[in-house]
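K.L.:
Provided below are the primary sequence and the corresponding predicted coordinates.
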Amino acid sequence: MMDVMDRRTERIHLLEPVVADAIAAGEVVERPAAVVKELIDNALDAGATRISVRVRGGGIAAIEVHDNGRGMVPEDLPLAFARHATSKVSSLEDLTAIATRGFRGEALASIAAVSECTITTRSADASAATAVRAHFGTIHSPVTTARDVGTSVVVENLFGNTPARLRFLKGERGEHAAVLRSVMDAIIAAPACSFHCEIGEKAALSSQGGELRDVLPVIFGRGDAEKLLPFSGSEDGIHLHGFLSSPLSHHGNRTHLFVLVNGRRIHNAMLQHAIDDAYRGYLPAGRYPFGIVSIDCPREAVDVNVHPTKRDVRFVEPGVIHRAVHRAVWQVLSMAPIEGLPLTTSMVEPAVEHSLFAVQSASARKYAPPGNIVQDAPSSSLQLTLPDPGVPSPALPRISSLGTLRAVGQIRSTWLVAEGDAGIVLVDPHAAHEKILYEEIRRALAGEAVPMQALLVPLLVSMDPATVVHVPDIGEMLMQLGFAIDVFGEDMIRCTAVPALGREHVTGGTISSLVMDLLDEVETREKRLHRAAALLACHTAVRLGDALDLREQQHLLDLLVTTPEALTCPHGRPTCRIISDGEMRRAVGRPVIDQV
Ligand code: ADP
Ligand code: MG
């Protein structure tokens, strides 16, 4: 364990070769954002309470990080650039109990090897500051200069001697966004510190410092920050706290889900799975929660030395952590308002499966062709209603099987009951309407664009700055979907027109979700538009629980029967359930009349 009395740990020394070898080797600086991360980590380790970051030219021209930490004494400064020079670890035992962010003594050496880098630093008891300059690995003699207590690191001409590396970078905007993400990670990891980040001479992100709660608007934008629910608790020596989205709000990707272990952001598949798993059934397919999950566990319980950039960790007892994370998410879900869930279908489904109809499906299974596992698929109930037991295909009945539908009424202010050629048809009005709108949007997209309607009062939506900078890239796709949106300040976008088909229902939440979906660069343009269409349909469709009069019900049913693939919603769930005459007869023990 590190001893607070051991002042040696605050001075720099070369690591013993045995320790150096025990450290996973690897590249630390893969892109400008990684440099920013390492420099901020060093500043935080030095006890800084104020950090400012300035980046120009995608981080290639210049990266500057200034802090008010404890600084370095002049003798130590040249050592700071040496590989495996660190003030933070000295023995193998230390490696298992790492409390600081940096611990490999690799970052400054790596940065100095691929840039022109100057460190200017002054410790509290020094009368002047010292500066040392490194030029692509060559370290110059220190000079005396002036500055307050603290450290500044200026990195210029990054990768100037490794042009191959430059080719892997994502262009100025992409690198700037990645830098902002690094700063956000730091704000979350150290909310008490104040941060100021300038990109290309313009203020891009700043946080005054405070509690985690105080920095949420900076990270998520004001709108999403308000939707986050706090949680905290301890179990088996593991303490969890943070903020997570309720099932009512979700994103199209995971970029805004921050998982921290002992104060460091990590990307860990097991933890990701624990979170996704706890939300299962509460979120539509392809939608993800956002928020912050911060896990504190005994240092012996986690190995942080498994990844060169410390992105991942390994747990001694993964099962214990998994369970604790599950509990935390459930805590959030139990607080979340369930009323008005946009996609209630996913929550209602299991209950339906266990109802009387499930008994029917069990007995009807014998009609299914051999090898056709009908009881597992959510669509199984629909297959069972096929009038001809000999139908070989496990596919859903085609549109024609709905025939015409006559509205009978709405039960429990929820389900529509209809009479159709196939039997009694119970319809989920939200899923049905969603499908109708979705196909309508797709038809419009295939033609030219979704018809739009200008807003009298533009809608302002606050979003995080790293997202806002990319909004111009997707302007054209937004236009196709019927939205006119432009940038309106560093953390704000403005919407001046929305699709005519659902203008009353479009909210700030719809717009921010849409933007996030369209920005997902991993997906093809086609896929993104498809997902955006599904999202738009979901947000503008009638809600489960909305009362519909008979005329509205009939209208919805008329539209449904003319919609292709009407039996499933865009997320693949059934829109309705058909109970055939035969099924009904079997249910009440009456002889089944042969169908002609
Ligand atoms: P590590 O952080 O893994 O120790 P680095 O190469 O990042 O390795 O830094 C080397 C050493 O330089 C650190 O251990 C620390 O003593 C010193 N150092 C670096 N940046 C700062 C800073 N901003 N303030 C004070 N000391 C610093
Ligand atoms: Mg470091």
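P.N.:
Everything's here; your move. Ligands and ions are numbered 1, 2, ... in the order given.

K.L.:
Can you pull the domain assignment for this protein?
P.N.:
Domain assignment for the chain by automatic domain parsing gives 17-207, 214-373, 399-579.

K.L.:
Dump those into a markdown table; add mean pLDDT as well.
P.N.:
What follows is the domains of the chain, written out as a markdown table (pLDDT from 0 to 100):
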| stretch | mean pLDDT |
| --- | --- |
| domain 17-207 | 85 |
| domain 214-373 | 72 |
| domain 399-579 | 86 |
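
K.L.:
who wins for proximity to ligand 1 among those domains?
P.N.:
Ranking the domains of the chain by proximity to ligand 1 (Cβ to the nearest ligand atom) places domain 17-207 first, at 2.1 Å. Placement of C-beta: from N, CA and C, glycine included.

K.L.:
ok so, going back, mean neighbour count and distance to ligand 1 added to the domains of the chain, as CSV?
P.N.:
Below are the domains of the chain laid out as CSV (neighbours: other Cβ atoms under 10 Å; distance: least, Cβ to the nearest ligand atom, whole Å):
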stretch, mean neighbour count, distance to ligand 1
domain 17-207, 19, 2
domain 214-373, 17, 10
domain 399-579, 18, 24
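
K.L.:
OK, contacts around the spatially most central residue of the chain?
P.N.:
In the chain, the C-alpha nearest the mean C-alpha coordinate belongs to residue 254, at 2.0 Å (Cα atoms, centre = their mean). When contacts are counted by Cβ atoms under 8 Å, 6 or more residues apart in numbering, residue 254 touches 272, 288, 290.

K.L.:
Let me know the secondary structure of it.
P.N.:
For residue 254, the reduced secondary structure class is coil; criterion used: DSSP: H, G, I helix; E, B strand; the rest coil.

K.L.:
Could you provide the domains of the chain in CSV, with additional columns for distance to residue 589?
P.N.:
Formatted as CSV, the entries for the domains of the chain read as follows, by distance: least, Cβ to Cβ, whole Å:
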stretch, distance to residue 589
domain 17-207, 62
domain 214-373, 11
domain 399-579, 15
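
K.L.:
Excluding covalently adjacent residues, which one is nearest to residue 304?
P.N.:
residue 313 (5.1 Å; Cβ to Cβ, 6 or more residues apart in numbering).

K.L.:
There's contact between that neighbour and residue 269 in this structure, I believe.
P.N.:
No. Taking contact to mean Cβ atoms under 8 Å, the distance of 11.3 Å between residue 313 and residue 269 leaves them out of contact.

K.L.:
Can you report phi and psi for the residue lying closest to residue 141 once chain neighbours are set aside?
P.N.:
Spatial nearest neighbour of residue 141, excluding adjacent residues (Cβ to Cβ, 6+ apart): residue 132 at 7.7 Å. Recorded main-chain torsions at residue 132 are phi -130, psi 140, according to degrees, to the nearest 10.

K.L.:
Bridged to residue 132, which residues?
P.N.:
The partner list for residue 132 in beta bridges (DSSP bridges) reads residue 119.

K.L.:
Can I get the helix or strand hosting residue 526 in CSV? Just the C-alpha atoms.
P.N.:
Taking DSSP states H and E as the criterion, residue 526 maps to helix 525-540. The C-alpha atoms that make up helix 525-540 are tabulated as CSV, following Å, rounded to 0.1, in the frame of the first residue of the first chain:
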residue,chain,number,x,y,z
ARG,A,525,-26.9,6.1,-44.1
GLU,A,526,-29.8,3.8,-45.1
LYS,A,527,-29.9,2.1,-41.7
ARG,A,528,-29.8,5.5,-39.9
LEU,A,529,-32.7,6.8,-41.9
HIS,A,530,-34.6,3.7,-41.3
ARG,A,531,-34.0,3.9,-37.6
ALA,A,532,-34.9,7.6,-37.5
ALA,A,533,-38.2,6.8,-39.3
ALA,A,534,-39.0,4.2,-36.6
LEU,A,535,-38.2,6.7,-33.9
LEU,A,536,-40.3,9.4,-35.5
ALA,A,537,-43.2,6.9,-35.9
CYS,A,538,-42.9,5.9,-32.3
HIS,A,539,-42.9,9.4,-31.0
THR,A,540,-45.8,10.6,-33.1
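
K.L.:
Give me the packing partners of that helix, helices and strands only.
P.N.:
Helices and strands touching helix 525-540, as assessed by 3 or more Cβ pairs under 8 Å, 6 or more residues apart in numbering; DSSP states H and E, comprise helix 429-447, helix 475-480, helix 508-519.

K.L.:
hang on, the earlier thing: looking at the domains of the chain, spot the one closest to residue 586.
P.N.:
Taking Cβ to Cβ, domain 214-373 is the member of those nearest to residue 586, at 6.6 Å.

K.L.:
check contacts around the closest residue in space to residue 438 that isn't next to it in sequence.
P.N.:
The shortest distance from residue 438 to any residue other than its chain neighbours is 3.8 Å, reached at residue 537 (Cβ to Cβ, 6+ apart). Under the criterion of Cβ under 8 Å, 6+ apart, the neighbours of residue 537 are 434-435, 437-438, 441, 570.

K.L.:
is the nearest residue to residue 56 once chain neighbours are set aside in a bridge, and if so with what?
P.N.:
Nearest non-adjacent residue to residue 56, counting by Cβ to Cβ, 6+ apart: residue 62, 4.6 Å away. Residues in a beta bridge with residue 62, per DSSP bridges, are residue 56, residue 156.

K.L.:
Next up, the contacts around residue 62.
P.N.:
Under the contact definition (Cβ under 8 Å, 6+ apart), the residues listed for residue 62 are 54-56, 154-156.

K.L.:
Tell me how far it lies from ligand 2.
P.N.:
Residue 62 sits 20 Å away from ligand 2, taking Cβ to the ion, to the nearest Å as the criterion.

K.L.:
how much space between that residue and residue 177?
P.N.:
From residue 62 across to residue 177, the span is 17 Å (Cβ to Cβ, to the nearest Å).

K.L.:
Reformat the contacts of residue 254 as JSON lines; add secondary structure.
P.N.:
As requested, those are exported to JSON lines (three-state DSSP):
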{"residue": "272", "secondary structure": "helix"}
{"residue": "288", "secondary structure": "strand"}
{"residue": "290", "secondary structure": "coil"}
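
K.L.:
From these, list the ones also adjacent to ligand 2.
P.N.:
When the contacts of residue 254 are filtered against ligand 2 using Cβ under 5 Å from the ion, no residues are retained.

K.L.:
Relative to residue 208, which of those is nearest.
P.N.:
Nearest to residue 208 among those is residue 290, at 22.3 Å by Cβ to Cβ.

K.L.:
so that closest one touches residue 224, yeah?
P.N.:
Yes. Counting by Cβ under 8 Å, residue 290 does reach residue 224; the two are 6.6 Å apart.

K.L.:
Name the residues contacting each of the two.
P.N.:
Any residue near both residue 290 and residue 224 by Cβ under 8 Å, 6+ apart counts here, and that gives 245, 249, 256.

K.L.:
dump the residue contacts of the residue in the stretch 401-550 of the chain positioned nearest to ligand 2.
P.N.:
Taking Cβ to the ion, ligand 2 has its nearest neighbour within the stretch 401-550 of the chain at residue 466, 23.3 Å off. For residue 466, the contacting residues are 177, 180-181, 184, 205, taking Cβ under 8 Å, 6+ apart as the criterion.

K.L.:
give the contact list for the residue lying closest to residue 253 once chain neighbours are set aside.
P.N.:
For residue 253, ignoring the flanking residues on the chain, the nearest one in space by Cβ to Cβ, 6+ apart is residue 520 at 4.9 Å. For residue 520, the contact set (Cβ under 8 Å, 6+ apart) comprises 252-253, 528.

K.L.:
Now residue 520. Its backbone dihedrals?
P.N.:
Residue 520 adopts backbone torsions of phi -70, psi 100, taken as degrees, to the nearest 10.

K.L.:
before we move on, the earlier item: make CSV out of the shared contacts of residue 290 and residue 224 and add distance to ligand 2.
P.N.:
As requested, the shared contacts of residue 290 and residue 224 are arranged in CSV below (distance: Cβ to the ion, whole Å):
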residue, distance to ligand 2
245, 33
249, 36
256, 26
